[in-house]
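Student: how does the following fold in three dimensions:
(2 chains)
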Number of protein chains: 2
Amino acid sequence: MSKNLILSRLLDFYGELLSEPQREAAELFYNDDLSLSEIAELTGITRQGVRDRLVKAEQLLSELEGKLGLAARFDAIGQDVDCILARAKAIGRDCGVDVSEIIQAAERIGNR
Amino acid sequence: MSKNLILSRLLDFYGELLSEPQREAAELFYNDDLSLSEIAELTGITRQGVRDRLVKAEQLLSELEGKLGLAARFDAIGQDVDCILARAKAIGRDCGVDVSEIIQAAERIGNR
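Tutor: Numbering: from 1, shown residues only, chains lettered A, B, ... in the order given. All right, here's what the predicted structure looks like:
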């Protein structure tokens, strides 16, 4: 996973804990893929100011993941969900058993 | 769920984000069930000092849950896991199908 993709993911988990200016800069950069110059123009601060906000946001997001580890926990849950889905679908296909409740519950977990 | 049980749970999720004195007081109070006086004696501060730390810890924990909602997310995941376990066990029992992989993966999710 690229660094920007990782930070976009951490932003989903922890964005609410950033300051409003940090979150705004991080969302524009990591989610909307704007350049520093474009964000500077949009938010009315200097390019260096945008860079400072991004650096702080990145530090905070990495620190939060180091302490809470939610992205790692949800990654592991996602693998377990894939395992449940694969096995349930195989059982449904090979044994003609209704596995829809299992599949629906696993998909709900995957979306949480 | 009692207020103390809720706070003990939030402490599991967010304890790393409290200051060390706040976390110590909260763990002794919510997890180890010590009284304010016992914590005061153990940590060498006044009873009122312990109370202040607990109030701040409680505010921070509630604020974090309000922003990140992890306890609520994991509660919902727990319900989905129960649903998967119940259906998988029924299929295993009624249809003689090997559902052990599903059960193991669901239990791993429940423990994350």
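
Student: tell me which residues in the lengthiest helix in chain A are buried?
Tutor: Assignment by DSSP state H gives helix A:70-95 as the longest helix of chain A. Across helix A:70-95, burial judged by 16 or more other CB atoms under 10 Å in any protein chain shown covers A:70-71, A:74, A:77, A:80-81, A:83-85, A:87-88, A:91-92. All C-beta spots, glycine's among them, are computed from the backbone N, C-alpha and C.

Student: for it, give the mean pLDDT please.
Tutor: Mean pLDDT, helix A:70-95: 93.

Student: give me the angle between that helix and helix B:70-95.
Tutor: 20 degrees (axes from the mean of the first three to the mean of the last three CA atoms, to 10 degrees).

Student: any idea how far helix A:70-95 is from the middle of the chain?
Tutor: Here helix A:70-95 is found 19 Å from its chain centre; the criterion is CA atoms, centre = their mean, to the nearest Å.

Student: if you look at it, does any of it touch chain B?
Tutor: Yes. Counting by CB under 8 Å from any CB of the partner chain, chain B is contacted by helix A:70-95 at A:70, A:73, A:76-77, A:80-81, A:83-84, A:87-88, A:91, A:95.

Student: now do the helices in chain A.
Tutor: A:3-14, A:20-26, A:36-43, A:47-68, A:70-95, A:100-111.

Student: hey, C-alpha coordinates of the fourth one in CSV?
Tutor: This points to helix A:47-68. Extracted C-alpha coordinates of helix A:47-68, given in CSV (Å, rounded to 0.1, in the frame of the first residue of the first chain):
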residue,chain,number,x,y,z
ARG,A,47,2.3,26.4,0.4
GLN,A,48,4.7,26.0,3.3
GLY,A,49,1.7,26.4,5.7
VAL,A,50,-0.1,23.6,3.9
ARG,A,51,3.1,21.5,4.2
ASP,A,52,3.3,22.2,7.9
ARG,A,53,-0.3,21.1,8.5
LEU,A,54,0.3,17.9,6.5
VAL,A,55,3.4,17.0,8.4
LYS,A,56,1.6,17.5,11.7
ALA,A,57,-1.4,15.6,10.6
GLU,A,58,0.8,12.7,9.4
GLN,A,59,2.7,12.6,12.7
LEU,A,60,-0.5,12.6,14.7
LEU,A,61,-2.1,9.9,12.5
SER,A,62,0.9,7.7,12.8
GLU,A,63,1.1,8.2,16.5
LEU,A,64,-2.6,7.3,16.9
GLU,A,65,-2.2,4.1,14.9
GLY,A,66,0.9,3.3,17.0
LYS,A,67,-1.2,3.6,20.2
LEU,A,68,-4.6,2.3,19.1
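
Student: for the longest helix of chain A, packing partners?
Tutor: Judged by 3 or more CB pairs under 8 Å, 6 or more residues apart in numbering or on different chains; DSSP states H and E, the packing partners of helix A:70-95 are helix A:3-14, helix A:100-111, helix B:70-95, helix B:100-110.

Student: show me which residues of chain A sit near chain B.
Tutor: By CB under 8 Å from any CB, the residues of chain A that approach chain B are A:13-14, A:16-17, A:64, A:67-68, A:70, A:73, A:76-77, A:80-81, A:83-84, A:87-88, A:91, A:95, A:97, A:99, A:101-102, A:105-106, A:108-109, A:112.
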